[in-house]
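Asker: Model the structure of this input:
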Amino acid sequence: MKQTPVWHEPNFIPLWIGSSLSSLADSAYYIVLAWFVLRLTHSDADLATTLLLASLPRLLFMLIGGVAVDRISPRLLMLASLAIRAGILLGLAAWLAQSRVSLHVTALYVVATLFGVVDAFYWPTQSALVPHALPAGTLPVANSFIQTAQQLSMVLGPLLAGAVLQLRHFSWIFSIVAGLYAISVAAISFIRIGPAELGETAVRSNIWTEVGDGVRYVLGIRILLFLMLTSMLINLFFMGPVNIGLPSLVQDRGWSGTIYGYLESAIGLGAVAGGGFTVLMKGMRGHFRWIAFSAAGIGLGLSAASVVTHWEWGVVFMAASGAAMSITNIPVITYVQTIVEKSMIGRVMSLLTLMSVGLTPVSYGLSALILRTRLLSPQGLMMVGGLVIALFCAALIFQPDFRHMESNPRWKHAELESTEGVKQ
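Answerer: Take a look at the predicted model:
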């Protein structure tokens, strides 16, 4: 028996193209927006406010986004979120092209906030759409391709932003980014999911009751709870130290901004390499115990980078951390998508996304507070953050639910399904 190639699934190519271009547009958008704010206001404070307004709605509305996914077709919700993003940027581009009055920074605050609200619905929708659109047996390889493309967008997005920022008018620049979202809409529109896959959750008494149902569902499955807590810990102890501690460390070492760029790019390139490795390993199916050590590698790479005196070694350790991130995240996402009931997938994925993405502003705030109060140096912040991740994640191997997570009936059924294919 031979596993059916995922690219033979009619929904895979449009899903892969749509999510990849959307991620590329996201990566370019935030750089373009940041540069535009600085060009308009010449104020670091305005830039910080804009980025805060872009990230806070995720924290506030992401759980509601999960309820929406379970109430509505994830395909339609993803189409709507992509179309709204394109519409917002096209509206901004039209204003910049026609208005003779200088744009006030308040308008950018509004754009950033609207994007943040859409993000709160988009992130759980993207993850929830995959198991609706593809058979369970194809999820390990499908997620490997999708997540690797998203990591690659973290490398290509800044390059795209740098290229379009060479244009004279920001109306053109925002229109190009909007065009990427529009192409994503076109790609996702080709996805077809059957009537039974549309999230048949009836509208219940109120949204918060359904959010509570999702939380109770996770609490009732111990391995889901452990995975959520692990995602939260990695988010809190990695994102702040790497994005706030790393540039401060570069400055303390007397290295240039170019070297800082190398270190940040190394994370993305390492993540791409880790995604490729996960593809070769069929999503790590049958080897999930190793995820404890790959997750620990995220922290070890961060800690090791904090003590290097030669930046070349810093690039190596940051790349290793990025690779470990992909080897950890892709199997975990696949596992959650596989074992969770379809009627709950939106709420569960919103919780997972909240833990892994939504709490990033909290990590930034805590890291900034630690550095400001001099509790730790930038080097100490990275070292402690990395060690906490490494020790906690490595200890997962001693947890029975983690060691036996692949014994879940839904997971074993998907494993049998993955072996069905063309008879040789």
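Asker: Of all residues in the chain, which one is nearest the centre?
Answerer: For the chain, V357 is the residue whose C-alpha lies nearest the centre (Cα atoms, centre = their mean; 6.2 Å).
Asker: Wait, that residue touches Q126, no?
Answerer: No. Counting by Cβ atoms under 8 Å, V357 sits too far from Q126 to count as a contact (11.0 Å). C-beta coordinates here come from the backbone N, C-alpha and C atoms, glycine included.
Asker: how about low-confidence regions in the chain?
Answerer: Low-confidence segments of the chain (pLDDT under 70): 1-4, 44, 99-102, 194-205, 417-424.
Asker: ok, now with 50
Answerer: For the chain, the stretches flagged by pLDDT under 50 are 1-2, 196-203, 421-424.
Asker: So it: which segments form each domain?
Answerer: With domains defined by automatic domain parsing, the chain comprises 1-195, 209-419.
Asker: residues contacting the residue nearest to the centre of the chain?
Answerer: The contact partners of V357, taken as Cβ atoms under 8 Å, 6 or more residues apart in numbering, are 58, 123, 235.
Asker: Tell me how far it lies from L387.
Answerer: As judged by Cβ to Cβ, to the nearest Å, V357 and L387 stand 23 Å apart.
Asker: Please apply the same query to N329.
Answerer: 20 Å.
Asker: Just want to know which of these two has more residues nearby.
Answerer: Set N329 next to L387 and count neighbours by other Cβ atoms under 10 Å: N329 wins out with 25 against 17.
Asker: Skipping its backbone neighbours, what lies nearest the more buried one in space?
Answerer: Q147 (6.5 Å; Cβ to Cβ, 6 or more residues apart in numbering).
Asker: G275 is in contact with the one you found, correct?
Answerer: Yes. Here Q147 reaches G275: they are 5.7 Å apart, a contact under Cβ under 8 Å.
Asker: Tell me which of the contacts of V357 fall in helices.
Answerer: Counting by DSSP state H, the contacts of V357 place 58, 123, 235 in helices.
Asker: Let me see the contact set for the last one.
Answerer: This means N235. 355-357, 359-360, 363.
Asker: again, but for the first one
Answerer: Applying Cβ under 8 Å, 6+ apart to R58 gives the contacts 116, 119-120, 123, 354, 357-358.
Asker: Need the buried ones from those residues selected in ChimeraX.
Answerer: Per 16 or more other Cβ atoms under 10 Å, the buried members of the contacts of R58 correspond to this ChimeraX selection:
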select :116,119,120,123,354,357,358
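Asker: What are the boundaries of the helices in the stretch 1-150 of the chain?
Answerer: Taking DSSP state H, counting those that start in this stretch to define them, one finds helices in the stretch 1-150 of the chain at 12-41, 44-71, 74-98, 105-133, 139-164.
Asker: okay if I get those as a markdown table plus distance to G212?
Answerer: Output for the helices of the stretch 1-150 of the chain, formatted as a markdown table (distance: least, Cβ to Cβ, whole Å):
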| stretch | distance to G212 |
| --- | --- |
| helix 12-41 | 30 |
| helix 44-71 | 10 |
| helix 74-98 | 21 |
| helix 105-133 | 16 |
| helix 139-164 | 27 |
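Asker: Out of these, which is closest to V215?
Answerer: Set against V215 and scored by Cβ to Cβ, those come closest in helix 44-71, at 8.5 Å.
Asker: Could you check the angle that closest one makes with helix 105-133?
Answerer: Going by axes from the mean of the first three to the mean of the last three Cα atoms, to 10 degrees, helix 44-71 is angled at 30 degrees with respect to helix 105-133.
Asker: For helix 44-71, what is the distance to the chain centroid?
Answerer: 13 Å (Cα atoms, centre = their mean, to the nearest Å).
Asker: hang on, the earlier thing: now render the contacts of R58 as a markdown table, adding distance to L82.
Answerer: Formatted as a markdown table, the contacts of R58 follow (distance: Cβ to Cβ, whole Å):
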| residue | distance to L82 |
| --- | --- |
| G116 | 15 |
| D119 | 11 |
| A120 | 14 |
| W123 | 12 |
| L354 | 21 |
| V357 | 18 |
| G358 | 20 |
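Asker: which residues are contacting the strand or helix carrying T258?
Answerer: Following DSSP states H and E, one finds T258 within helix 257-280. By Cβ under 8 Å, 6+ apart, the surrounding residues in contact with helix 257-280 are 141, 144-145, 147-148, 151-152, 154-155, 242, 246-247, 250, 284, 305, 311, 314-316, 318-327, 330-331.
Asker: switch the cut-off to 6 Å
Answerer: For helix 257-280, the surrounding residues in contact (Cβ atoms under 6 Å, 6 or more residues apart in numbering) are 144, 147-148, 151-152, 154-155, 247, 250, 311, 314-315, 318-319, 322-323, 325-327, 330.
Asker: Now the buried members of those.
Answerer: Buried subset of those (neighbour count, 16+ other Cβ under 10 Å): 144, 147-148, 151-152, 154-155, 247, 250, 311, 314-315, 318-319, 322-323, 325-327, 330.
Asker: Stretch 384-404: which residues count as buried?
Answerer: Buried residues in stretch 384-404 (16+ other Cβ under 10 Å): 384-390, 392-394, 396, 401-402.
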